[in-house]
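Colleague: Everything below, folded, please.
(4 chains)
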Number of protein chains: 2
Amino acid sequence: MPRNPILSASRIRAAALHIIDRDGLDGLSMRKLAAELGVQAASLYGHVSTKDDLLHEVASEILEKVDVSGFSGGDWRHGLTMCARSYREALARHPNIVPFLAYGPAHREASLRRLDVVHGALVAAGWTRREATMIAASLMYLVFGAALSSFSSGFSEDQSLYQDRYPNLDKAHLLPAVAAELDRDSFELALNAFVTGLAVLNGRDCVAAGEAAGESAPSGSPRRTDTTAAST
Amino acid sequence: MPRNPILSASRIRAAALHIIDRDGLDGLSMRKLAAELGVQAASLYGHVSTKDDLLHEVASEILEKVDVSGFSGGDWRHGLTMCARSYREALARHPNIVPFLAYGPAHREASLRRLDVVHGALVAAGWTRREATMIAASLMYLVFGAALSSFSSGFSEDQSLYQDRYPNLDKAHLLPAVAAELDRDSFELALNAFVTGLAVLNGRDCVAAGEAAGESAPSGSPRRTDTTAAST
DNA sequence: CCTCCTGACCGAACAGTGTTAGGTTTTCTA
DNA sequence: TAGAAAACCTAACACTGTTCGGTCAGGAGG
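Modeller: Residues are numbered from 1 along each chain as shown, chains lettered A, B, ... in the order given. So this is what the prediction gives:
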């Protein structure tokens, strides 16, 4: 090889993610990215086929870190909860890239791989294939919804904008520090309610699925009650 | 006025939404929009301050149609369900604009107004302010998550891409027709489980919150049990 | 009737975007 | 030492959102 390269695919990805985290998704341009790496824009194309591709790779790298090992115990409620938490945390660490994911998360390789694991585990736990698909989808709803409609990124820091006009809205969550905590608590509430409701709808015990952090119920395989839908 | 104008803010909005529905969010450019209206790009700026502004207005127009009247009965479960359904349907009708909403839905005027109504109704139903905020947030998670990680828009139509690689994933939902139904059913499942779980976590009756379409339980005000969080 | 004015639209341009073709430099291999 | 090849650069393409100044239409005032 000629002189040891300045660029590499992973260095580019890292720099891209850094810019996205710092300047937002719109703040990333190929020229700026190149400048950050001490290089001209055209040089990037020796390592990356396209900007869109680069973003997909960055996104995949983030999603790789999602931990789906929580299912190994065989308890679907524990698995669902752990998986969802890990997923949300991975996204919450880089909130600025979430709008890009919104362009079609299901396309993404890494996302599919994880969806497949969840689906398989749910089927193994006794759900029908269709139910497993719907539950996995619901989990995605919660995770992506939480990632992108978060209070911390959604509201302006200038709370005077809102406090007069929306009398019912709580004012405290407009402070960034409070907002992050509120985001996490809201997600935990949504997740807990969802998993609990799922168990109830299937005729299982009515005990709550466990407090925010620790787990409790051992749980076995869900019994068929078909409150929702069947077939396929 | 001189000759009666070709353009108007609402005509522009309608044309923009039409292009977005047809060609996707990236398919909308000011020049293309102008051409569609039989006009030059610069002319648009007499009626619209900026492309971003235009998109916000289009988005608001869509969100205006969300029906939050389901709360008027006083039953928070019914209200939550109806509101969420209406919200999702409004978004599902124009899936291509959802990625734009992802850039900060909480900023949006129309979104806030609705959030405020939901929040107020929940407080009136007996929830604490903080709980109401979290529940409203959770509802947003479901709605936005469902809108953007939908199977119908997420997967390619070429199912041969997936069928070998992800053995656990069901194949049927890759067909667009099936996907739309699956999206709706998944959302109903998620919503039903969430609302049911919410009731259970608050020590209320364990009966399911009602089948997909019709309602049942009358419900009163939730009792304090504080399984999740308290304060503020 | 003529004039003026105002509002709606157009032409051309600016700065910025992603991307490509072709050229230059550097270093390793034959 | 000649050649090859990788890594980077220069210049340009077509496109984007947006602005400036101009051009025309038609109603208002004299």
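
Colleague: CA atoms for contacts and neighbours, from now on please.
Modeller: Fine.

Colleague: residues contacting A:Arg114?
Modeller: A:Arg114 is in contact with A:Val68, counting by CA atoms under 8 Å, 6 or more residues apart in numbering or on different chains.

Colleague: what phi and what psi does the backbone show at it?
Modeller: phi -70, psi -40 (degrees, to the nearest 10).

Colleague: Spatially, what comes nearest to A:Arg129 if we skip its sequence neighbours?
Modeller: In space, and not counting its chain neighbours, A:Arg129 is closest to A:Val123: 6.0 Å by CA to CA, 6 or more residues apart in numbering or on different chains.

Colleague: Is it correct that A:Gly145 is in contact with B:Leu142?
Modeller: Yes - between A:Gly145 and B:Leu142 a contact is recorded at 6.0 Å, counting by CA atoms under 8 Å.

Colleague: more neighbours, the two?
Modeller: Using other CA atoms under 10 Å in any protein chain shown, the more surrounded residue of A:Gly145 and B:Leu142 is A:Gly145, with 29 against 26.

Colleague: Could you say which helix or strand holds that one?
Modeller: helix A:129-148 (DSSP states H and E).

Colleague: Show me what that helix is packed against.
Modeller: Counting contacts by 3 or more CA pairs under 8 Å, 6 or more residues apart in numbering or on different chains; DSSP states H and E, helix A:129-148 is packed against helix A:76-92, helix A:98-101, helix A:109-124, helix A:176-201, helix B:129-148, helix B:176-201.

Colleague: do the shortest one and DNA strand C meet?
Modeller: No - using CA under 7 Å from any atom of the strand, helix A:98-101 never reaches DNA strand C; the gap is at least 13.2 Å.

Colleague: Let me see the mean pLDDT of that helix.
Modeller: When pLDDT is averaged along helix A:98-101, the result is 88.

Colleague: And for the last one?
Modeller: Per-residue pLDDT values across helix B:176-201 average out to 91.

Colleague: And it, what does it pack against?
Modeller: With contacts taken as 3+ CA pairs under 8 Å, 6+ apart, helix B:176-201 sits against helix A:129-148, helix A:176-201, helix B:76-92, helix B:129-148, helix B:151-154.

Colleague: Can you give me the domain assignment for chain A?
Modeller: A:9-49, A:66-230 (automatic domain parsing).

Colleague: lowest-confidence stretch among these?
Modeller: domain A:66-230 (a mean of 77).

Colleague: May I see the buried residues of stretch A:44-54?
Modeller: Buried residues in stretch A:44-54, counting neighbours by 16 or more other CA atoms under 10 Å in any protein chain shown, are found at A:44, A:48, A:54.

Colleague: Is it correct that the second one is in contact with A:Arg11?
Modeller: In this case it means A:Val48. No - the criterion here is CA under 8 Å, and A:Val48 misses it with A:Arg11 at 11.1 Å.

Colleague: can you pull the contacts of A:Asp21?
Modeller: A:94-97.

Colleague: Helix, strand, or coil at it?
Modeller: helix (DSSP: H, G, I helix; E, B strand; the rest coil).

Colleague: what about A:Gln40, distance to DNA strand D?
Modeller: Shown here: A:Gln40 relative to DNA strand D, a distance of 4 Å by CA to the nearest atom of the strand, to the nearest Å.

Colleague: How many residues are close by that residue?
Modeller: Burial of A:Gln40 is recorded as 14 neighbouring residues (other CA under 10 Å).

Colleague: same check, this time on A:Ala199
Modeller: Close neighbours of A:Ala199, defined as other CA under 10 Å, add up to 24.

Colleague: what does the one 3 residues further on give?
Modeller: The burial count assigned to A:Asn202 is 18, neighbours taken as other CA under 10 Å.

Colleague: With A:Trp76 instead?
Modeller: 27.

Colleague: of the contacts of A:Asp21, buried ones?
Modeller: If we count by 16+ other CA under 10 Å, these have these buried: A:94-97.

Colleague: how about CSV for the contacts of A:Asp21, with distance to B:Leu33 added?
Modeller: Below are the contacts of A:Asp21 laid out as CSV (distance: CA to CA, whole Å):
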residue, distance to B:Leu33
A:His94, 33
A:Pro95, 31
A:Asn96, 28
A:Ile97, 28
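
Colleague: Okay, and which of these map to helices?
Modeller: The helices in this structure, assigned by DSSP state H, contain none of the contacts of A:Asp21.

Colleague: of all those, which comes closest to B:Leu28?
Modeller: Nearest to B:Leu28 among these is A:Ile97, at 21.4 Å by CA to CA.

Colleague: Please identify the helix or strand for the closest residue to the closest one other than its chain neighbours.
Modeller: Among residues not flanking A:Ile97 along the chain, A:Leu25 sits closest, at 6.1 Å (CA to CA, 6+ apart). Taking DSSP H and E as the definition, A:Leu25 sits outside all helices and strands.

Colleague: What's the local residue count around A:Leu25?
Modeller: With other CA under 10 Å as criterion, A:Leu25 counts 20.

Colleague: now swap in A:Ala14 and tell me
Modeller: Neighbourhood size, A:Ala14 [other CA under 10 Å]: 14.

Colleague: Tell me who's in contact with it.
Modeller: A:Val58.

Colleague: how far does the helix or strand hosting it sit from the chain's center?
Modeller: Using DSSP H and E, A:Ala14 maps to helix A:9-23. Distance of helix A:9-23 from the chain centroid (CA atoms, centre = their mean, to the nearest Å) equals 19 Å.

Colleague: repeat for stretch A:68-81
Modeller: How far stretch A:68-81 lies from its chain's middle: 17 Å, per CA atoms, centre = their mean.

Colleague: okay, now the residue in chain A that DNA strand D sits nearest to: neighbour count?
Modeller: Relative to DNA strand D, the nearest point of chain A is A:Ile6 (3.1 Å; CA to the nearest atom of the strand). As a burial measure, A:Ile6 scores 10 neighbours (other CA under 10 Å).

Colleague: swap in A:Pro5?
Modeller: A:Pro5 has 7 nearby residues by other CA under 10 Å.

Colleague: was I right about A:Gly74 contacting A:Leu122?
Modeller: No - counting by CA under 8 Å, A:Gly74 sits too far from A:Leu122 to count as a contact (9.0 Å).

Colleague: So what's the residue count around the nearest residue to A:Ala193 once chain neighbours are set aside?
Modeller: For A:Ala193, ignoring the flanking residues on the chain, the nearest one in space by CA to CA, 6+ apart is B:Gly197 at 4.1 Å. Using other CA under 10 Å, B:Gly197 has 32 neighbouring residues.
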